[in-house]
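1. what shape does this take:
(one chain, ligands or ions: 1)
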Amino acid sequence: MVQTWNPKLYAENVRFVSELGQGVLTLLSPVAGERVLDLGCGDGVLTKELASLGCEVVGIDGSAQMIKATRALGVRAQVMDGQVMTFEREFDAVFSNAALHWMKRPDDVLRGVARALKPRGRFVAEFGAGDNVAQVLSAISSCLQRRGIDAESVNPWYFPQPEDYRRKLTEHGFDVIHLELFSRPTPLPGDVLAWLETFAQSFTSTVAPEERAALLMEVRDQLRPSLFDNDDGWWVDYVRLRFAATLL
Ligand code: BEZ
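-> Coordinates of the predicted model:
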């Protein structure tokens, strides 16, 4: 996967990702003193919030840059791929916001989460699912198709249907307490180009560097009728899956 993470760009372009994490944090209901793993902690903003609530929290992320940013907030964190976690029966809860859709091997993730939790431990998370960013994906696909490139072959995102994910949770030994899919049309702080530059690198890197600006403009033009509003600016068609499950 060709995706780099730059904490500065992340903070400038998509700060809303952690701001919108409050709902799933509430579902977690963290209790002071609990050991919590933040799976895919990004730049650590929510990890720090968990720590400030009194949790003994550890963040993991596949990006060394993001882990550096998390540690700079004074929070424990380590570079680790969520698909090959090595923890064993040590956490009261595993929490994850806006990260699971970057992991295309959900069974490996769930196996690792189940192993990391203590008996009756909680797995509480939110991520993109169902028709998440369907308009964006469709625009990218048609612009790449015109260049003879199959977008699906480089798609870095996993957006399951809710019932498929519920089944997986059950198969991995979880009792699903809560699971909901909801649309969350999300206003962007700036141009959709910044969102694409931050998140769509796996697609844009399929064309030569000198062609990328033209590709991005073409995607932007295609999205404008559906994702741009004269009064409110750009927005993205997010759909979230939010769930809480307990290890049986
Ligand atoms: C999401 O949060 O749903 C998302 C973020 C980046 C790329 C795709 C989806």
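2. nearest residue to A151 other than its sequence neighbours?
-> Nearest-residue entry for A151: S141, 4.0 Å, with adjacent residues in sequence omitted and distances by Cβ to Cβ, 6 or more residues apart in numbering. Bear in mind the C-beta positions are built from the backbone N, C-alpha and C, glycine included.
3. hmm, that neighbour is touching V154, no?
-> No: counting by Cβ atoms under 8 Å, S141 does not reach V154; the two are 10.5 Å apart.
4. circling back to that earlier point, any residue of the one helix or strand the residue nearest to A151 maps to up close to the ligand?
-> For S141, the element it lies in under DSSP states H and E is helix 134-145. No: shown here: helix 134-145 not in contact with the ligand (Cβ under 6 Å from any ligand atom), separated by at least 7.6 Å.
5. who in this structure is up against the ligand?
-> So the chain meets the ligand at 98, 101, 128, 132-133, 157, 199, 238 (Cβ under 6 Å from any ligand atom).
6. the strands in the protein, which residues?
-> Secondary structure of the chain, counting by DSSP state E: strands at 35-39, 56-61, 76-79, 91-97, 117-128, 174-187, 228-229, 233-247.
7. can you add mean pLDDT and give those strands back as TSV?
-> As requested, the strands of the chain are arranged in TSV below (pLDDT from 0 to 100):
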stretch	mean pLDDT
strand 35-39	98
strand 56-61	98
strand 76-79	98
strand 91-97	98
strand 117-128	98
strand 174-187	98
strand 228-229	97
strand 233-247	98
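8. in a markdown table: these, plus mean neighbour count and distance to L215.
-> What follows is the strands of the chain, written out as a markdown table (neighbours: other Cβ atoms under 10 Å; distance: least, Cβ to Cβ, whole Å):
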| stretch | mean neighbour count | distance to L215 |
| --- | --- | --- |
| strand 35-39 | 25 | 32 |
| strand 56-61 | 25 | 28 |
| strand 76-79 | 16 | 31 |
| strand 91-97 | 25 | 30 |
| strand 117-128 | 21 | 22 |
| strand 174-187 | 14 | 23 |
| strand 228-229 | 12 | 18 |
| strand 233-247 | 20 | 18 |
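9. what's the closest non-adjacent residue to whichever residue of the chain sits closest to the ligand?
-> For the chain, the residue positioned closest to the ligand under Cβ to the nearest ligand atom is G128, at a distance of 2.9 Å. Leaving aside its chain neighbours, G128 sits nearest to H101 (4.0 Å; criterion: Cβ to Cβ, 6+ apart).
10. contacting residues around that neighbour?
-> 127-129, 132, 157-159 (Cβ atoms under 8 Å, 6 or more residues apart in numbering).
11. try G54
-> Contacts of G54 by Cβ under 8 Å, 6+ apart are 30-33.
12. got the contact list for the longest helix seen in the chain?
-> Determined from DSSP state H, the single longest helix within the chain is helix 212-227. Contact with helix 212-227 is made by 135-136, 139-140, 142-144, 147, 191-193, 196-197, 200, 204-205, 207, 234-237, as judged by Cβ under 8 Å, 6+ apart.
13. buried by neighbour count: which residues of that helix qualify?
-> Within helix 212-227, the residues scored as buried using 16 or more other Cβ atoms under 10 Å are 212, 215-216, 218-220, 222-223, 227.
14. neighbouring contacts of stretch 6-16?
-> 17, 42-43, 65-66, 68-69, 186-190, 194-195, 197-199.
15. narrow those residues to those that are buried.
-> 17, 42-43, 65-66, 69, 186, 188, 194-195, 197-199.
16. next step: those residues restricted to helices.
-> Using DSSP H, the buried ones among the contacts of stretch 6-16 in helices are 17, 65-66, 69, 194-195, 197-199.
17. who's in contact with the closest residue to L100 other than its chain neighbours?
-> Closest residue to L100 apart from its sequence neighbours, by Cβ to Cβ, 6+ apart: F127 at 3.9 Å. The neighbours of F127, taking Cβ under 8 Å, 6+ apart as the test, are 96-101, 240-241.
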